[in-house]
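Participant: Next comes the sequence, and after it the predicted model I'd like to discuss.
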Amino acid sequence: MAEIILNVDVRSGVGTGGARAARRAGAVPGILYGGDKAPVAISVNEKDFRKSLYTGKLLGHLVTLKYGEETQPVIAKDVQFDPVTDRPMHFDLMRVDEHAPVKISIPVHFRNLEDAPFNRQGGSLEIVRHDVEILVQADRIPEELVIDLADRQLGDTLRISDVALPEGATPTITDRDFVIATIKVSSAAQSAAADEAQAEAGAED
C-alpha cells in the first residue's frame, strides 16, 4: 500500500460556502470521486496536507485515504493553489483498485545533459512533451520517466520507445512512436557559425 496516509473528514457543506468553512477551520477541502460510488466532499487538516504534499509523493501517486477505521487506495489527481499565497485551496482524490490499471500523466526528466556530446557541440534540447500519459497499474506508478542523454548526438529524435516504462505499462497513445524531444543546433551556435563564416569571407577579401 502507499506510503502516505490522508486522514480525512467528510464535509457536510458542499459548494463554495462549505469549502470556505473548511478553510476557516484550518482544513483543505477536497472531493473524492471515481469507481461506482457517488462523489463525496471531504477535507484534510491543512498542516498534515502540506506535509504530505511537500514530500513530492502525493500528487499523481497512490496514497491511502483513512476515514475512521476505514481505509482505501486513492490517487491524488489535482491540487489547486492560491495564486498569491501558494496555499493549497482544494484537492481531488480518485478511488482506485491498487492492482488495476489507471491512466495518469507522468513527468519526463532528462539525465546527463551536461555530459551529452551534442551539448559540447552547441546543440540544444527542444522538449516536445514535458509529461506522458500512460496506462499503468496503480501500485506501480513511477515518479518520473527518464531519458538518458549521455550518448545523444545532434539531429537525434527522442521518442516514447526511448523511455523505459514500468512492467506492464503502456502509453495511451498507441498509434505511433511519438516524439518526446529533439536535439538541434542552438540559435547561439548557428549565430556563432555565421559570424565565423563572415569573418573568414572578410579575411579572404
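Facilitator: Great, that's in hand.
Participant: In a helix, Thr85, correct?
Facilitator: No. Per DSSP: H, G, I helix; E, B strand; the rest coil, Thr85 lies outside any helix segment and is coil.
Participant: how about it, what does it touch?
Facilitator: If a contact means C-beta atoms under 8 Å, 6 or more residues apart in numbering, then Thr85 has no contacts. C-beta coordinates here come from the backbone N, C-alpha and C atoms, glycine included.
Participant: For Pro83, what are phi and psi?
Facilitator: phi -70, psi -20 (degrees, to the nearest 10).
Participant: Give me the pLDDT value at it.
Facilitator: pLDDT, Pro83: 92.
Participant: how about stretch 139-150: buried residues?
Facilitator: 141-142, 145, 147, 149 (16 or more other C-beta atoms under 10 Å).
Participant: Check stretch 21-28 too.
Facilitator: In stretch 21-28, counting by 16+ other C-beta under 10 Å, buried: 22-23, 27-28.
Participant: Per-residue confidence, Ile173, what does it come out as?
Facilitator: With respect to pLDDT, Ile173 has a value of 95.
Participant: State the distance from it to Leu145.
Facilitator: Distance, Ile173 to Leu145, by C-beta to C-beta, to the nearest Å: 14 Å.
Participant: and if you look at Val128?
Facilitator: Distance of Val128 to Leu145, given as C-beta to C-beta: 13 Å.
Participant: swap in Leu59?
Facilitator: With distances taken as C-beta to C-beta, Leu59 is found 16 Å from Leu145.
Participant: what would the buried residues of stretch 21-28 look like in a markdown table with pLDDT, distance to Pro39 and secondary structure?
Facilitator: Output for the buried residues of stretch 21-28, formatted as a markdown table (pLDDT from 0 to 100; distance: C-beta to C-beta, whole Å; DSSP: H, G, I helix; E, B strand; the rest coil):
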| residue | pLDDT | distance to Pro39 | secondary structure |
| --- | --- | --- | --- |
| Ala22 | 89 | 16 | helix |
| Arg23 | 91 | 19 | helix |
| Ala27 | 93 | 18 | strand |
| Val28 | 94 | 17 | strand |
